[in-house]
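A.B. asks: predicted model, plus sequence, below.
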Amino acid sequence: MRKRIVLVALVSLLGSCAQPEEEVCSDLPHEPLETTAQNVRVDRVSGCSLAAVRGLDTQIVDEMNCIIPNTLVRFDDLNVELGGSSTWALLQPGARAAFGRALAARGSRFRVNSAYRTIAQQYLLYRWYREGRCGIGLAAQPGRSNHQSGLALDVSDYPGWRPYLEAEGWDWLGSGDPVHFDYRGSGVRDIRDDAVLAFQRLHNRNNPGDQIAEDGSYGPQTEARLQAAPAEGFATGADCEDPDPDPDPDPDPDPAEDVHVSFEAAAEGPNSLVESGSSEGVPDLLTGDTTRLDFVVRNGADRPVTDELLVRFEVIGPAGRLSGYTIYTDHPALDGQTWTINDANGNEVNPDHADPGRDGTFNLYRFSAGESKRIELELEGLDPSLGNRVTVRAWIKHVGGYYGEMDGWDDEVEVNARGLLLRQSLDVDVFSRDRWNFPGPAPEDTEGWTGCDGAQVAAVDGALHLEDGGCAQSPPWTVIEGENFPAMAFRVRSTATKVTLRWDGGESPIDVPGDGAWHEVTAPYAGDELWHGTVTQLEIRAEGGAVDVDKIEVSRTAEPAPEPRPEADTGNNGGPDVGFEPGDRDDASLPEGSRATRTEEGCSCRTASPRGRTYWLWRR
């Protein structure tokens, strides 16, 4: 199946700048001085308390949840103690769920000194760091801190909590910032640009005569407005309603004098497999399928011939890759519709057509007045994105005399007279035919699973939830080759007396204890004659209690692999962290400093890093 998604940048070859950002670590003073702010600008807040901008903070968080519902959710209903009045008890939903599991596993109260920080809080920290105030040893620039992602925690008793957090996908930052953990699990996204966008929208709503670009980029314009923003918040706060259209819009600008950048989406077949929850409005792709992304650059009708024009691209996320491209032109028709392959398609400096890679530069040669060129990119789905979408970015790197150089997505543009950034990106969700993990933040994020006979189902805390008597069926694109995968693996939590899997005329119980705890279960079906061939429909039914399922996937083995257990750090002679995936490898593949023990069934090999991560390799 192929779909066509059009990523369009209509350019008359002028642009703007974005400030480069630098990633650094940060920490908070343990006992901040409490202050309040009334009619005070953010840049004139005194003292050392982030609580001074609580009013503006609240509006920014509310606006973020307008932009993307359930972007941030509270966790103060868990067994936690907050470090102070400035501490926001907010995380992304996937991180909150993993945090809750770590709390339940240890069973003791957790002190959180810092979690989510708004752009206003990060501005104050960065200013105090630059001024050598408030005990801030190092701080990230606004828009770049990990704490602005909703995926970071600064904790007390980090040695005691470390094994429990790491077991649930939290990564210890190391001895340079020992109190800091980042969540690296599935079902999350980078929301730092969304936080900047939230402030930009609030500013524009309250300052109709002083509008700034709503692009999610923390540049000089946004910084100046943040400095002047009221610490107690704007007069008008968050607004989740779509803005009213301009009743008297300005006429279209002359394409010879201005820049036009826009997205369009069209499809050869359905444009979206899942049109609810976090995937609403996001193009979808199945593993093994290919879709087409079109990036179009258009020269102004009255522009002179340009020198060579360079376009940069990058693909973010392991779930997809570029498998090919073709460069077209609409010359001589100049109508944006009549396309022929351009000479630039054979330019030897351009990327390999069969394997363009994850980033590179296209040289499109010269443009005539009014000419458009289209780069047709082929995107292949490799693995389910599980909440971490594939992002394809394309931007103008150079147009002589008009725009350049812009090597990176967030780079400063040296020549950019019009103040517009010539870049576009597109997110794509990749879904699987035989694996589901339900990592999305919204109840509708069921990855295409629906209730049987039209009933409603929902994803709760990253798991497909069924009440007593409930039934869920797999999406219509389900394809499982029974001959290749004789078993199904599940991660299930149940209070039901019976959990059943049905498929294309067959059924079998899923043997899971009804104790309400999570269990890894592998159900073998190799002996069932109805499982052989191609299975195109699955159903899960719950009887006598509720069931949560947060993993369903095909398995080649009828027995579950042993679960890793926390181990003490033995070190690996100071070498880097080394990870092993399950597979057929022997002891000789282990790095120096590792240990291996043999069992009757084969080899279980372990290596531990200086940062305390333990990796297991099982060979049977």
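C.D. replies: Noted; the coordinates are in hand. Numbering: from 1, shown residues only.
A.B. asks: low-confidence ranges in the chain?
C.D. replies: 1-39, 186-187, 242-271, 302-304, 401, 416-419, 558-620 (pLDDT under 70).
A.B. asks: and the helices in it?
C.D. replies: Applying DSSP state H to the chain gives helices spanning 54-67, 93-106, 119-131, 158-167, 192-206, 220-228.
A.B. asks: could those go into JSON lines alongside distance to residue 391 and mean neighbour count?
C.D. replies: All C-beta spots, glycine's among them, are computed from the backbone N, C-alpha and C. Output for the helices of the chain, formatted as JSON lines (distance: least, C-beta to C-beta, whole Å; neighbours: other C-beta atoms under 10 Å):
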{"stretch": "helix 54-67", "distance to residue 391": "17", "mean neighbour count": "20"}
{"stretch": "helix 93-106", "distance to residue 391": "18", "mean neighbour count": "21"}
{"stretch": "helix 119-131", "distance to residue 391": "21", "mean neighbour count": "22"}
{"stretch": "helix 158-167", "distance to residue 391": "27", "mean neighbour count": "18"}
{"stretch": "helix 192-206", "distance to residue 391": "11", "mean neighbour count": "22"}
{"stretch": "helix 220-228", "distance to residue 391": "22", "mean neighbour count": "17"}
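A.B. asks: can you add distance to residue 179 and give these back as TSV?
C.D. replies: Formatted as TSV, the helices of the chain follow (distance: least, C-beta to C-beta, whole Å):
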stretch	distance to residue 179
helix 54-67	22
helix 93-106	15
helix 119-131	15
helix 158-167	5
helix 192-206	21
helix 220-228	27
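A.B. asks: ok, now which ones touch the residue nearest the centre of the chain?
C.D. replies: The structure's the chain has its C-alpha centroid closest to residue 189; by C-alpha atoms, centre = their mean the separation is 2.4 Å. Residues counted as contacts of residue 189 (C-beta atoms under 8 Å, 6 or more residues apart in numbering) are 92, 387-389.
A.B. asks: how about 6 Å then?
C.D. replies: With contact set as C-beta atoms under 6 Å, 6 or more residues apart in numbering, residue 189 has no partners.
A.B. asks: mind checking how far it is from residue 48?
C.D. replies: 32 Å (C-beta to C-beta, to the nearest Å).
A.B. asks: how about stretch 166-177: buried residues?
C.D. replies: 166-173, 177 (16 or more other C-beta atoms under 10 Å).
A.B. asks: out of these, which is nearest to residue 55?
C.D. replies: residue 177 (29.2 Å; C-beta to C-beta).
A.B. asks: next, give phi and psi for that closest one.
C.D. replies: phi -150, psi 70 (degrees, to the nearest 10).
A.B. asks: please work out how many residues are found near residue 482.
C.D. replies: Residue 482 has 21 neighbouring residues, counting by other C-beta atoms under 10 Å.
A.B. asks: with residue 497 instead?
C.D. replies: Neighbours around residue 497, by other C-beta under 10 Å: 11.
A.B. asks: residue 278: which of the buried residues of stretch 166-177 is nearest?
C.D. replies: residue 169 (18.7 Å).
A.B. asks: and the gap between the closest residue to the closest one other than its chain neighbours and residue 507?
C.D. replies: Distances taken as C-beta to C-beta, 6 or more residues apart in numbering place residue 185 nearest to residue 169, at 3.2 Å, with adjacent residues excluded. Per C-beta to C-beta, residue 185 is found 32 Å from residue 507.
A.B. asks: same deal with residue 46?
C.D. replies: Residue 46 is 69 Å from residue 507, by C-beta to C-beta.
A.B. asks: more neighbours: those two, which one.
C.D. replies: Neighbours per residue, other C-beta under 10 Å: of residue 46 and residue 507, the larger number sits with residue 507, 13 against 10.
A.B. asks: around the nearest residue to residue 359 once chain neighbours are set aside, how many other residues sit close by?
C.D. replies: Leaving out its chain neighbours, the residue that sits closest to residue 359 by C-beta to C-beta, 6+ apart is residue 314, at 3.9 Å. By other C-beta under 10 Å, the residues close to residue 314 number 17.
A.B. asks: list the residues that contact residue 51.
C.D. replies: Counted by C-beta under 6 Å, 6+ apart, residue 51 has contacts 85-86.
A.B. asks: could you find the closest non-adjacent residue to residue 53?
C.D. replies: residue 120 (4.3 Å).
A.B. asks: my guess is that neighbour contacts residue 55, does it?
C.D. replies: No: counting by C-beta atoms under 6 Å, residue 120 sits too far from residue 55 to count as a contact (9.5 Å).
A.B. asks: distance between the ends of stretch 495-509?
C.D. replies: 15 Å (C-alpha to C-alpha, to the nearest Å).
A.B. asks: what's in contact with it?
C.D. replies: So stretch 495-509 is contacted by 510, 512, 514, 516, 528, 530, 535, 537-547 (C-beta under 6 Å, 6+ apart).
A.B. asks: same question for stretch 226-246.
C.D. replies: 37-38, 40-43, 45, 52-53, 55-56, 59, 62-63, 66, 123, 202, 205-206.
A.B. asks: how far does it sit from the chain's center?
C.D. replies: 26 Å (C-alpha atoms, centre = their mean, to the nearest Å).
A.B. asks: for that stretch, which positions count as buried?
C.D. replies: Buried residues in stretch 226-246, counted by 16+ other C-beta under 10 Å: 226, 229-234, 237-238.
A.B. asks: picking that back up, okay, the residue nearest to residue 359 and residue 375: tell me how far apart.
C.D. replies: For residue 314, the distance to residue 375 - C-beta to C-beta - is 13 Å.
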